[in-house]
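1. A predicted structure for the sequence below; I have some questions about it.
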Amino acid sequence: MAATEEDKKNEVVTTPKKKFVEGLTFLRGVAALCVCLYHFTGGALPKIRDPRIEMFFSNGWLGVDIFFVLSGFIIPYSLLGKQHGINGFLAYMKKRVVRINPPAYVALALVLMQGFFIDYIIAHKVVYTAGVSWGQILNNILFTVPFSKYKWVLGIFWTLAIEFQFYIIIGLIFRNLFEDFNVYKFVIIFTLLNIIQYLPFQSNENFFRFSLFFALGGTALLYYIKKINIIEYFILLLIFSTIAYFQLSFYMALTGFVSAIVISFARFKHPAFDFLGKISYSFYLLHVLIGTTCEYFLIKIVDPTSLVNKILILALCLLFAILGSYVFYLVIEKKFIALANSVGVRKNT
């Protein structure tokens with residue numbers, strides 16, 4: 001996922017400290033909450049699913065696209081001023097792997113434990129872990145499921161796979177896109193990356209299909225560091241958003257466009273959303289695991305037949321998901337943020 005405020009605070013590389021961009025944490029919080037409520041009301045909590053609730057959050061999946069735009073801004077922003085090039089690629093990737101992978105692997109282990117507990121202790125019927133194999137687990141660990149015959153164990157991993165593909169690509173071509181910037185080259189490179197999606201991939205869960213969101217985030221960065229003026233900025237936004245409209249959907253294109261605008265011009269700040277933004281990665285990883293566990297116990301206490309009770313259970317599941325994610329953030333994620341920030345990015349000479 002995109003870097004958090006904590007990532008930047010703890011950064012110890014020998015380059016001048018970058019100014020924290022107000023509003024990014026708020027936007028991460030909004031995106032995380034949208035995705036969570038979409039899952040909770042759309043089927044992850046089947047006992048309280050109700051179309052009267054679901055209709056309010058049916059587009060919450062668009063929060064994923066917000067995350068992609070944020071990454072398109074923050075990841076290259078983190079490399080600016082570090083003279084990043086091919087020689088520094090491995091150090092850069094090591095930093096991203098240390099930051100992202102260990103918390104994801106802990107979450108994966110917890111989900112597998114939940115599945116085995118349900119199948120062998122509660123239900124005594126193998127459903128959730130049916131077909132789980134070492135090959136499937138390995139491909140989940142490597143985020144290579146879209147290029148294999150296997151399925152995700154933890155569903156949200158598909159977005160982490162796309163993020164990692166972006167990390168690799170931006171790590172290789174960052175200098176061409178941002179340091180040696182040319183507006184025509186920027187458009188051509190992202191257009192070519194976008195066209196690659198039409199190759200016969202086994203799955204459409206790849207960076208190339210969603211590359212325009214990262215391009216929109218990159219455009220917001222170019223405007224922020226004054227590489228382009230306001231006219232060029234809106235032209236680029238319109239180009240990428242228009243292509244997204246024809247390739248993906250109106251709502252996805254609009255989400256990407258508005259997200260870039262918010263990054264560039266809005267400096268929203270609210271304690272609740274800033275808190276969610278800070279723990280958004282942990283929240284993103286664990287919300288379904290915690291929510292489903294809470295639903296199992298809550299429906300034994302609260303009758304889930306009435307709308308009021310369904311809303312109450314939903315609110316409690318959300319609350320426990322946030323609290324559990326905060327604990328996970330403190331115990332697991334925060335340690336790897338610090339460890340990742342101790343990994344210096346090598347400078348080229």
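-> Yep, that arrived. Residues are numbered from 1 along each chain as shown.
2. now do the SS call for the closest residue in space to S133 that isn't next to it in sequence.
-> For S133, ignoring the flanking residues on the chain, the nearest one in space by CB to CB, 6 or more residues apart in numbering is Y150 at 7.8 Å. Using the backbone N, CA and C atoms, a C-beta is placed for each residue, glycine as well. With DSSP: H, G, I helix; E, B strand; the rest coil as the basis, Y150 sits in coil.
3. please apply the same query to the one 5 residues further on.
-> Secondary structure for G155, judged by three-state DSSP, is coil.
4. wouldn't it be in contact with L285 here?
-> No - applying CB atoms under 8 Å as the test, G155 and L285 come out as separate, 11.0 Å apart.
5. give me the pLDDT for T129.
-> Residue-level confidence at T129 comes out at 79, pLDDT.
6. who are the packing partners of the strand or helix carrying S211?
-> Here S211, judged by DSSP states H and E, is contained in helix 211-224. Packed against helix 211-224, as judged by 3 or more CB pairs under 8 Å, 6 or more residues apart in numbering; DSSP states H and E, are the following elements: helix 63-79, helix 157-174, helix 183-195, helix 230-247, helix 250-265.
7. go through these and pick out the most buried.
-> Between these, helix 63-79 has the highest mean count of neighbours, a mean of 25, where neighbours are mean count of other CB atoms under 10 Å.
8. could you check the angle that helix makes with helix 250-265?
-> Here the directions of helix 63-79 and helix 250-265 differ by 40 degrees (axes from the mean of the first three to the mean of the last three CA atoms, to 10 degrees).
9. tilt between helix 63-79 and helix 157-174?
-> Orientation check (the same axes, to 10 degrees): helix 63-79 against helix 157-174 gives 30 degrees.
10. ok, G155 and L285, which is more surrounded?
-> More crowded of G155 and L285, by other CB atoms under 10 Å: L285, with 27 against 12.
11. ok, that one to F157 distance?
-> From L285 across to F157, the span is 9 Å (CB to CB, to the nearest Å).
12. common neighbours of these two, please.
-> Both L285 and F157 are in contact with A104, where contact means CB atoms under 8 Å, 6 or more residues apart in numbering.
13. list the residues that contact the residue nearest to S133.
-> Taking CB under 8 Å, 6+ apart, we find Y150 in contact with S133, G135, Q136, N139, N140.
14. in helices, which of those residues appear?
-> Counting by DSSP state H, these place G135, Q136, N139, N140 in helices.
15. just give the closest residue to the second one, not the sequence neighbours.
-> Nearest in space to Q136, with sequence neighbours left out and distances taken as CB to CB, 6+ apart, is Y150 at 4.2 Å.
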